[in-house]
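Student: Compute the structure for the input listed below.
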Amino acid sequence: MAPKCNAICDEAVIRKLVIARRPDLAERFERFLLESYIEDNDTVKWCPSVPHCGNAIRVKGDIYCEVECACGCQFCFNCSLQAHSPCSCMMWELWIKKCRDESETVNWITVNTKPCPKCHKPVEKNGGCNLVACICGQAFCWLCGGATGRDHTWSSISGHSCGRFTDDQTKKTEQARRDLYRYMHYHNRYKAHTDSLKQEAKLKNDIQGKISISENKESKIKDYSWVINGLNRLFRSRRVLSYSYPFAFYMFGDEIFKDEMTPEERELKQNLFEDQQQQLEFNVERLSGFLEKDFQNFTDDEVMDTMKHVINLSNVVDRLCKQMYQCIENDLLYPLRTPHNIAPYKSKGLDRASELDISWDSAEQSSQSTKRIQDEHRSQHASTNLGKRAPELHGSSSENRVRPHKRERQDANGGGALFDLNVPAEVADKI
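Tutor: All right, here's what the predicted structure looks like:
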């Protein structure tokens, strides 16, 4: 530009000049601009799938929600971990860490072994005699842990005191034992329902086969949509039930809310929650039992009876899930001083994003599109009229299809859409 020239050289002009000489550099600039928009915007996040699918999703307002990417990955939008409601993000992070590390192994060693007084390695007692020997050769008393000779008996106690009460050590051991048993109680039930969910997921193909057989035989009943609806309801309620155990472990334990509730309040709220959890568990198991029946071999009357039970139980478990979430949000989490938010329960399941394809054939309207992206990037929190759902993406059949790195943009109707990060911005604005 000439000295004292008042012409505005905005990014659209720069882009045009760069494209003329270095189109590869202009492409990289566009991509980095859009990627930085995603990284800096709290309401836009990359899908955490591994390997990464390239999708990014934006939601409006409440970030405490669970979404399903177009690639099928279900995740919590707030923490980007797997969908874990009704656990809060903090609860789930603590839970997976607890399950992953060796903290409970250490607890088991504390409860079931004693350290050798010589080499300090843990020794497990495998007999009734209180005189035990370590592999290093040191003999010691199991009752007090003191080193002794192999002639140590009840009538000859030399150099240590088996009968003296040590309150601190006893308290630590008993507390470790209680903590271990409590963790095992919740973990075993969490794992049992998680395993059941995996097994029930395999039912889908079997049920499709049963439906095909039933539809092809001579029968007055031709509509078996109630089976698929019941199976989907079973998946959602089983997942809620599974994650309710880590929630209860922390909600009624001492790790997070020790000073938030009195013992009486904790007991009252725990009883309230466990009553609802028990009802949900009972009806989920009943629903699972009816869906596993070989209804393709039933008479019409038996099929009708099974259908009534499946439809009724599907409605029951849905209602119980809603009641459990209301209890958690209103009676358990709301009175706490420490804010804990969970993703809401949705009868239809997680909000799902679908695929959007973009075709592009020109580089017109570059100035307007660049300004629009810049405005969004600089005022990233100003977009408030996008739908709460994970944005819907629409399909395409472009010849110039590129890798699906996408960003969400507001469309003309205020809805959401995902845009490919490899597509020039001026083309994205045409959509």
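Student: Give me the below-cutoff pLDDT ranges for the chain.
Tutor: Residue ranges of the chain with pLDDT under 70: 1, 102-104, 106-107, 110, 128, 149-170, 173, 354-431.
Student: quick one, helices of it?
Tutor: Secondary structure of the chain, counting by DSSP state H: helices at 11-21, 23-40, 89-100, 103-112, 167-201, 203-216, 225-251, 263-291, 300-326, 366-378, 425-428.
Student: Now tabulate those helices in TSV and tack on distance to Ile342 and mean neighbour count.
Tutor: Every C-beta, even on glycine, is put in place using the N, C-alpha and C of the backbone. Formatted as TSV, the helices of the chain follow (distance: least, CB to CB, whole Å; neighbours: other CB atoms under 10 Å):
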stretch	distance to Ile342	mean neighbour count
helix 11-21	42	14
helix 23-40	25	15
helix 89-100	9	16
helix 103-112	24	15
helix 167-201	16	14
helix 203-216	28	14
helix 225-251	8	21
helix 263-291	13	16
helix 300-326	8	17
helix 366-378	29	17
helix 425-428	34	23
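Student: do you know which of those lies nearest Ala133?
Tutor: Of all the helices of the chain, it is helix 103-112 that lies closest to Ala133, at 17.2 Å by CB to CB.
Student: looking at the helices of the chain, which is closest to Cys76?
Tutor: When those are compared (using CB to CB), the closest one is helix 89-100, at 6.4 Å.
Student: about what we covered before: need the helices of the chain in TSV with distance to Pro48, can you?
Tutor: Converted to TSV, the helices of the chain look like this (distance: least, CB to CB, whole Å):
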stretch	distance to Pro48
helix 11-21	32
helix 23-40	13
helix 89-100	13
helix 103-112	25
helix 167-201	19
helix 203-216	25
helix 225-251	18
helix 263-291	28
helix 300-326	24
helix 366-378	23
helix 425-428	24
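Student: which of the residues in stretch 131-141 are buried?
Tutor: In terms of neighbour count (16 or more other CB atoms under 10 Å), stretch 131-141 has its buried residues at 131-132, 134, 138-141.
Student: Can you give me the end-to-end span of it?
Tutor: Taking CA to CA, to the nearest Å, the first and last residues of stretch 131-141 lie 5 Å apart.
Student: Stretch 36-49 now?
Tutor: Between the opening and closing residues of stretch 36-49 we find a distance of 19 Å, counting by CA to CA.
Student: Now do it: distance to the chain's middle.
Tutor: A distance of 18 Å separates the centroid of the chain from that of stretch 36-49, by CA atoms, centre = their mean, to the nearest Å.
Student: about what we covered before: quick one: which of the helices of the chain is nearest Gly349?
Tutor: It is, among the helices of the chain and with distance given as CB to CB, helix 225-251, at 5.6 Å.
Student: so what does that closest one touch, helix or strand wise?
Tutor: Helices and strands in packing contact with helix 225-251 are listed as helix 89-100, helix 167-201, helix 203-216, helix 263-291, helix 300-326; criterion 3 or more CB pairs under 8 Å, 6 or more residues apart in numbering; DSSP states H and E.
Student: Apply 6 Å and report the result again.
Tutor: Using 3 or more CB pairs under 6 Å, 6 or more residues apart in numbering; DSSP states H and E as the contact criterion, the neighbours of helix 225-251 among helices and strands are helix 167-201, helix 263-291, helix 300-326.
Student: can you put the ones you listed in CSV and add distance to Val18?
Tutor: Conversion of the helices and strands packed on helix 225-251 to CSV gives the following (distance: least, CB to CB, whole Å):
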stretch, distance to Val18
helix 167-201, 51
helix 263-291, 60
helix 300-326, 53
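Student: which one of the ones you listed lies closest to Asn112?
Tutor: Between Asn112 and those, the tightest spacing by CB to CB is seen for helix 167-201, at 8.9 Å.
Student: For stretch 51-62, measure first residue to last.
Tutor: Chord length of stretch 51-62, first to last residue, is 27 Å (CA to CA).
Student: List the buried residues for that stretch?
Tutor: For stretch 51-62, burial by neighbour count (16+ other CB under 10 Å) applies to 53-60.
Student: related to what we said a few turns ago, for Ala353, find the nearest of the helices of the chain.
Tutor: Ala353 lies closest, by CB to CB, to one member of the helices of the chain: helix 23-40, at 14.4 Å.
Student: What separation do you get for Gln74 and Cys119?
Tutor: Noted for Gln74: a distance of 49 Å to Cys119, by CB to CB, to the nearest Å.
Student: When the two are compared, which one has more neighbours?
Tutor: Gln74 (16 against 12; other CB atoms under 10 Å).
Student: which stretch among the helices and strands packed on helix 225-251 comes nearest Val111?
Tutor: helix 167-201 (4.6 Å).
Student: Against which helices or strands is the closest one packed?
Tutor: helix 103-112, helix 225-251.
Student: how many degrees apart are it and helix 225-251 in direction?
Tutor: 170 degrees (axes from the mean of the first three to the mean of the last three CA atoms, to 10 degrees).
Student: Helix 263-291 and helix 167-201, what's the angle between them?
Tutor: Going by the same axes, to 10 degrees, helix 167-201 makes 30 degrees with helix 263-291.
Student: one step back: which of the buried residues of stretch 131-141 lies closest to Val13?
Tutor: Checking those against Val13 by CB to CB gives Cys134 as the nearest, at 80.6 Å.
Student: Correct me if wrong: that closest one contacts Val123.
Tutor: Yes - counting by CB atoms under 6 Å, Val123 is a contact partner of Cys134 at 5.2 Å.
Student: Need the residues touching each of those two.
Tutor: Residues touching both Cys134 and Val123 comprise Cys116, with contact defined as CB atoms under 6 Å, 6 or more residues apart in numbering.
Student: re earlier: out of the buried residues of stretch 131-141, which comes closest to Asp318?
Tutor: Comparing the buried residues of stretch 131-141 against Asp318 with CB to CB places Val132 closest, at 56.3 Å.
Student: what bridges to that closest one?
Tutor: Partner residues in beta bridges with Val132: Phe140, with DSSP bridges as the criterion.
Student: related to what we said a few turns ago, of the buried residues of stretch 51-62, which is the nearest to Lys258?
Tutor: Using CB to CB, Val59 is the member of the buried residues of stretch 51-62 that lies nearest Lys258, at 33.5 Å.
Student: Distance-wise, check the spatially closest residue to Asp318 that is not a sequence neighbour relative to Ile207.
Tutor: In space, not counting the residues next to it along the chain, Asp318 is nearest to Ser347; the distance is 5.4 Å by CB to CB, 6 or more residues apart in numbering. Separation of Ser347 from Ile207 (CB to CB): 21 Å.
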